[in-house]
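Student: Dropping the sequence and predicted coords here.
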Amino acid sequence: MALDDAPLRTSELNHWFGAGEARKQALFDVSLSIARGSLTVLVGPSGSGKTTLLTLLGCLREVQDGSVVLLGHELHGARPALGVALRRRLGFIFQAHNLHESLTAMQNVLMGLQVKGRVDKATAERAATHALGLLGLSDRMDYLPANLSGGQKQRVAIARALVGNPDVVLADEPTAALDRESGANVVDLLKRLGEARGTTTVMVTHDTRILDLADRVLTLEDGCIVGDQQR
């Protein structure tokens with residue numbers, strides 16, 4: 001594919017945490033291009049920079065040095081309003097489900113549409129019902145999080161991330177709370193979205209069970225990409 005078609009690109013990306021003598025570099029000259037519709041997995045030991053890279057790709061941290069191009073827009077030096085607009089085109093899945101405890105599964109998923117702009121109620125409810133059904137939660141739509149298992153809560157969070165048909169999904173350990181079958185089903189769903197809709201997924205994981213499902217596996221160590229395996 002043409003480089004300009006890549007929904008995610010970085011060039012000589014560096015990042016630091018802290019200040020003064022405590023300043024520590026977390027990423028070193030990371031350059032990559034992620035193909036549209038692909039499922040890319042980031043692996044490596046804890047502290048290798050995987051989540052830092054993911055948050056920079058998703059406009060959740062300011063780009064300090066180097067380049068990040070997200071959906072055709074340069075993030076280095078960009079105005080905050082651009083980050084807000086771009087985040088509406090993304091789906092985020094975090095290891096902590098971050099559900100609102102006072103809202104039902106359906107209401108939590110509907111929130112994923114509300115942040116993207118105005119959607120009429122009937123359309124929103126159809127989309128939320130469909131997303132929950134895809135995750136095997138049709139019989140749990142009216143349950144509060146307190147009445148759901150950990151795996152069910154995570155699947156609600158995944159449905160919330162996917163309900164608005166995002167261009168890019170950024171996932172941090174999305175299968176950590178899921179059993180083998182549920183985790184494989186989630187990754188398979190993300191792959192099918194890539195094939196059918198062109199949804200691009202970048203996933204941080206320690207779950208070796210799903211590596212064979214990835215289109216590409218990037219290995220990070222000490223803030224550097226040390227392996228790039230296409231599948």
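Tutor: Thanks, I have it. Numbering: from 1, shown residues only.
Student: can I assume Phe12 is in contact with Ser67?
Tutor: Actually, residue 12 is Glu. It isn't Phe. Yes - using Cβ atoms under 8 Å, Glu12 and Ser67 qualify as a contacting pair, with a distance of 6.9 Å. C-beta here means a position set from N, CA and C on the backbone, and glycine is covered the same way.
Student: and those two? which has more neighbours close in?
Tutor: Counting neighbours by other Cβ atoms under 10 Å for Glu12 and for Ser67 shows that Ser67 has the greater number, 15 against 11.
Student: Not including adjacent chain positions, what is the nearest residue to that one?
Tutor: What sits nearest to Ser67 in space, not counting adjacent residues and going by Cβ to Cβ, 6 or more residues apart in numbering, is Ser11, at 4.2 Å.
Student: Could you check how many residues crowd around that neighbour?
Tutor: In terms of burial, Ser11 registers 14 neighbours under the definition other Cβ under 10 Å.
Student: Provide a list of residues in contact with it.
Tutor: Ser31, Gly66, Ser67 (Cβ atoms under 8 Å, 6 or more residues apart in numbering).
Student: Make JSON lines out of these and add pLDDT.
Tutor: Compiled in JSON lines, the contacts of Ser11 are given as follows (pLDDT from 0 to 100):
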{"residue": "Ser31", "pLDDT": "98"}
{"residue": "Gly66", "pLDDT": "98"}
{"residue": "Ser67", "pLDDT": "98"}
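Student: Read off the pLDDT value for the residue nearest the centre of the chain.
Tutor: With the centre of the chain defined as its mean C-alpha position, the nearest residue by Cα atoms, centre = their mean is Leu170, 1.2 Å away. For Leu170, the model assigns a pLDDT of 97.
Student: Since that was my last question, I'll sign off now.
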